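>>> Need coordinates for the below:
(one chain, ligands or ions: 1)
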Amino acid sequence: MALNSLTKLLLDRAWLLCDGATGTNYFSLGLQSGEAPELWNVTHPSRVSGLHEAFVDAGADIILTNSFGGSSYRLKLHQADDRVAELNRAAAAIAKGVAERAGRPVVVAGSIGPTGEILKPVGLLDVSDAELAFKEQAIALAAGGADVLWLETMSSTEEMRAAALAAAHTGLPVVATMTFDTNGSTMMGVSPQQLVELYRELVPGLVAFGANCGIGAADLVGALMAMRDQVTQSEILVAKGNCGIPQFVDGDIHYSGTPQLMSEYARLSRDIGVRIIGGCCGTTPEHLAAMNEALIDHVPRTPPEIDDVIERLGPVTLGTRAYCEGVAPVAVSRFRRRRRKTH
Ligand SMILES: [Zn+2]
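Modelled structure (predicted):
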C-alpha cells in the first residue's frame, strides 16, 4: 500500500495523539439528546469545525469526522437515511479543511460506528445489508477527503467484518477499534487476545487496531495489556479510552476523569507500547492538551502490571483482570441492555 498521511506520520513519530470525544462535547455546545450529531455537518458546520480546531490546538495529530452515526440505519432514526452521502461527505470536508489550515500534518479519519442493529446469526440484519450501508458511508467519507477510515465502537465481529469489507471499496487504509464491556470481552464474548487474530483476518488494509470507549480508562488500558502479548513489533496499537467512568447524574451521563487522570492514562498507554492515543466519551480539548503535555515529556517506563493500572487509574472489572492475567473469566453474564451511543 502506498504511504498515506497516517503511515507517513507513524514512520516519523513514536506516538500520535488522536482527538477526544465528539458527542459529549457537542452536548455542551447545544446538541439535544435524541438529535443526530451528523446533521450538524450541514446545519452547524462552524461548531463541527470549531471542535476539530480545539483538538488540533490541543495537539491532535488525528481528528475523527463527525460521522459516527452516519450509516443509513442510524440516520433512519432521524428520517435522514436518504442523506448518507451528503452528511458523510460534509463531515470529511469540514475535517479536511481544518487539517489543511493546521500548519502541520493532521490526519482526517473517517469515523464509522455501528449500525445499532444486531447482525445475524444473533440478530436479524444480514451481513451483506450492513456491508452495503457501510459502503455508501465509506465512499462518501473518501470523497469528502478522509485520509483513513476509522471503524470504531464495534462490539460484534460480524459487524466489524461488514464495515471492513465496505471500507476496502475505497482503497483507504483502515484503523479498527472494538469496545470491551463489563466482562472484559466484546459484547459477543470475544476476548482481547482473540480479537488481535480476528482484526488481522477481518480487516483488509488494516494499519492499526485496538480498543475504544467501553467502561473507563483503567479497563481500556487493561484490554490493551491483554492484547499486547499477541501483537508483533510492527503492529500498531490504538487506545481511545473514556474520560473516567460514566456516571448518571440527574439523568445525564457525566464522565469523572480529570486532566491528571487522562495524562496518566496516556503515559500508561505508552508504557505498554501503544502508539496512537486519544480519548473517547467525556474527553474535552482541555483533557487532550494535558495528555499531549504528558506524552511529550514521557520516557516509557517498565510495562505496568494490572495492579499498577488500578492504583493509578482506578478499579477494573473482574473480567479485565482475568484477561490480563491470562485466564478466561468465569460465570459472567453476556447480556445487558444496549444503549445508543455517541462519542
Ligand atoms: Zn466513547
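>>> Going by C-alpha atoms from here, please, whenever you check contacts or count neighbours.
Will do.
>>> From what I see, residue 212 and residue 181 are in contact.
No. Counting by CA atoms under 8 Å, residue 212 sits too far from residue 181 to count as a contact (10.6 Å).
>>> okay, the two: which has more neighbours?
For residue 212 versus residue 181, neighbours defined as other CA atoms under 10 Å are more numerous around residue 212 (29 against 24).
>>> Where does the more buried one fall, secondary structure wise?
Element membership for residue 212, per DSSP states H and E: strand 206-213.
>>> repeat for residue 96
Residue 96 belongs to helix 84-100, assigned by DSSP H and E.
>>> Equivalent analysis for residue 323, please.
helix 318-324.
>>> Point out the other helices and strands that that helix packs with.
Packing partners of helix 318-324 (3 or more CA pairs under 8 Å, 6 or more residues apart in numbering; DSSP states H and E): helix 217-228.
>>> Identify the residues contacting the helix it packs on?
With CA atoms under 8 Å, 6 or more residues apart in numbering as the test, helix 217-228 has contacts from 180, 184, 192-193, 195-196, 210-214, 237, 239-245, 262, 265, 268-269, 272-273, 306, 309-310, 313-317, 320-321, 323-326.
>>> can you tell if it touches the ion?
No. Helix 217-228 does not reach the ion (CA under 5 Å from the ion); its nearest approach is 10.5 Å.
>>> now could you export just the CA positions of that helix as PDB?
The C-alpha trace of helix 217-228 is given here as PDB (Å, rounded to 0.1, in the frame of the first residue of the first chain):
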ATOM      1  CA  ALA A 217      -9.800   4.400  31.100                       C
ATOM      2  CA  ALA A 218      -8.500   1.700  33.500                       C
ATOM      3  CA  ASP A 219     -10.400  -1.100  31.800                       C
ATOM      4  CA  LEU A 220      -9.300   0.100  28.400                       C
ATOM      5  CA  VAL A 221      -5.700   0.000  29.400                       C
ATOM      6  CA  GLY A 222      -6.300  -3.400  30.800                       C
ATOM      7  CA  ALA A 223      -7.800  -4.600  27.500                       C
ATOM      8  CA  LEU A 224      -4.700  -3.400  25.600                       C
ATOM      9  CA  MET A 225      -2.400  -5.100  28.100                       C
ATOM     10  CA  ALA A 226      -4.200  -8.300  27.300                       C
ATOM     11  CA  MET A 227      -3.900  -7.700  23.500                       C
ATOM     12  CA  ARG A 228      -0.300  -6.600  23.700                       C
END
